[in-house]
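Student: Just a sequence and a predicted model for now, questions to come.
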Amino acid sequence: MKIVMVGSGYVGLVSGACFADFGHDVVCVDKQESKIEALNRGEIPIFEPGLSELVRSNAAAGRLSFTTDLAGPVAQADAVFIAVGTPSRRGDGFADLTYVYAAAREIAQSLDGYTVIVTKSTVPVGTGDEVERIVRELRPDAAFSVASNPEFLREGAAIEDFKRPDRIVIGAEDERAREVMADIYRPLYLNSAPILNTSRRTAELTKYAANAFLATKITFINEMADLCEQVGANVQDVARGMGLDNRIGGKFLHAGPGYGGSCFPKDTLALIKTAQDHGTPARIVETVAAVNEQRKRAMGRKVVAACGGSVRGKTIAVLGLTFKPNTDDMRDAPSLAIVTALLDGGARIRAFDPEGMQQAKAALPGEVVYCTDAYDCVTEADAAVIVTEWNIFRALDLDRVKQLMKSAVLVDLRNVYRAEQVRAKGFQYTDVGRGILPPAEAEAGAA
Ligand code: UDX
């Protein structure tokens, strides 16, 4: 199959490289010349494990190429995927569809022979209808269908998620489009990934519903974590006890500083807006988004409390800045709100992240001091905070950390350490949702 991927960002690049790896002929298009030039030199603009090898091997095999010219490849294509950004619109939080519609107009000009136009970007219900209308208006003569094929990959595990997905959702309105999509995903049929054929609108909504539900799970367990701290219960055990029930499932029940990233914050807001516009407000999702937003700054207050109620004049070492490990992505990372809260409280910030330093420098306030590694970061610090659970923070030499710090205060917002182990080393240790019963109540309980 001949495939064009319009937009060589996260989703476009990963999907393009994986489709090429399935044996399809893929051209990735992007407006940004410098990005395309870099890709043609084999340089990958994002950090994603395995992606650079996949791009290089498929480019070398002649199945994957990069260009700024959309017209030529689209004329030859069986399917053109739209994988451009859909950021939150300033002001109302609705998905900004400017780039999607601009891509649709450009694609329309070059269509030649039957082509399926597929939205892979996360787009609100009804976007496919509008894409169809735009293309039909510009090219009443063209043979095409518009399908929706949302992408569920996670950053940091994107290739694995793409190649071994839990399911593939294809929303198409006619049989011909479904057949083209089936041919494209044929290699996954062999891996027996369930393919869900739905209407276009259903596919569009499924993506939002899935992301909003996962965001709800995280927010729910985060609230349970707060309660655990008050009543002396352990949220990890609560999550395990819940998750072993197959109806609930154990995933996305890790308590932490709140969700961030390029999808959950943006997609929950867009779903809220769509639901409001249709007169069926999504109250649960509205609450989830609000609770998560407050939580990020509340984590700053947690650090202040661990420092005895004030961070004024104190040095705080922030370990991990990206919204999760194995990515360099800082979009809506909890670290942004936490660092800002600490700076507001008068703290000096030293920070380190294994991959996200460059992006962090652009996103965080200017006065943050960037360090060369975790040990450099904690040097002379009054407290250290683990914000992102990178593997290297899971196995720190705690004796060395203690020696380097001014005072041994560790706030572990991802529960990567065992409390007894860290306290035994002489740290004052704070975690998330692993409450300790105050001695008086513990005695009363035992009696
Ligand atoms: C998410 C969806 O998982 C994916 O299906 C969709 O295509 C895009 O959005 P991603 O944003 O890459 O993927 O990361 P994910 O692993 O889902 O984590 C999102 C955020 O939730 C991170 O900030 C993470 O730290 C947080 N999280 C996740 C938790 O706090 N607890 C959990 O149990 C799981």
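Tutor: In hand now; what should we look at?

Student: Could you pull up the contacting residues of the residue most central in space within the chain?
Tutor: Residue closest to the average C-alpha location in the chain (CA atoms, centre = their mean): Gly261, at 3.9 Å. Gly261 is in contact with 155, 323-324, 329, 331-333, counting by CB atoms under 8 Å, 6 or more residues apart in numbering. In this view, the C-beta of every residue, glycine as well, is placed from N, C-alpha and C.

Student: Show me which residues of the stretch 301-447 of the chain sit near the ligand.
Tutor: Within reach of the ligand by CB under 6 Å from any ligand atom, the stretch 301-447 of the chain has these residues: 323-324.

Student: Quick check: which ranges of the stretch 301-447 of the chain have low pLDDT?
Tutor: 437-447 (pLDDT under 70).

Student: What are the boundaries of the strands in it?
Tutor: Residue ranges of the strands in the stretch 301-447 of the chain, as given by DSSP state E, counting those that start in this stretch, are 315-319, 348-352, 369-370, 383-386, 409-412, 428-430.

Student: Outside of the shortest one itself, which residues are in contact with it?
Tutor: Contacts of strand 369-370 with the rest of the structure, by CB under 8 Å, 6+ apart, involve 348-352, 357, 360-361.

Student: Between those residues, which sits nearest the ligand?
Tutor: Ala360 (14.9 Å; CB to the nearest ligand atom).

Student: what about the closest residue in space to the closest one that isn't next to it in sequence, distance to the ligand?
Tutor: Nearest non-adjacent residue to Ala360, counting by CB to CB, 6 or more residues apart in numbering: Leu321, 4.4 Å away. To the ligand, Leu321 is 12 Å away according to CB to the nearest ligand atom, to the nearest Å.

Student: and what of Asn211?
Tutor: From Asn211 to the ligand the distance is 6 Å (CB to the nearest ligand atom).

Student: if we can go back for a sec, can I get the strands of the stretch 301-447 of the chain in a markdown table including mean neighbour count?
Tutor: Below are these laid out as a markdown table (neighbours: other CB atoms under 10 Å):
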| stretch | mean neighbour count |
| --- | --- |
| strand 315-319 | 28 |
| strand 348-352 | 23 |
| strand 369-370 | 15 |
| strand 383-386 | 27 |
| strand 409-412 | 24 |
| strand 428-430 | 19 |
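
Student: and Ala419, which of those strands is closest to it?
Tutor: strand 428-430 (5.6 Å; CB to CB).

Student: Kindly list the longest helix within the chain.
Tutor: As assigned by DSSP state H, the longest helix anywhere in the chain is helix 200-231.

Student: which other helices and strands contact it?
Tutor: Packing contacts for helix 200-231, counted by 3 or more CB pairs under 8 Å, 6 or more residues apart in numbering; DSSP states H and E, involve helix 127-138, strand 144-148, strand 168-171, helix 235-243, helix 264-277, helix 283-306.

Student: can you give me the angle the fourth one makes with helix 200-231?
Tutor: For helix 235-243 against helix 200-231, the angle by axes from the mean of the first three to the mean of the last three CA atoms, to 10 degrees is 140 degrees.
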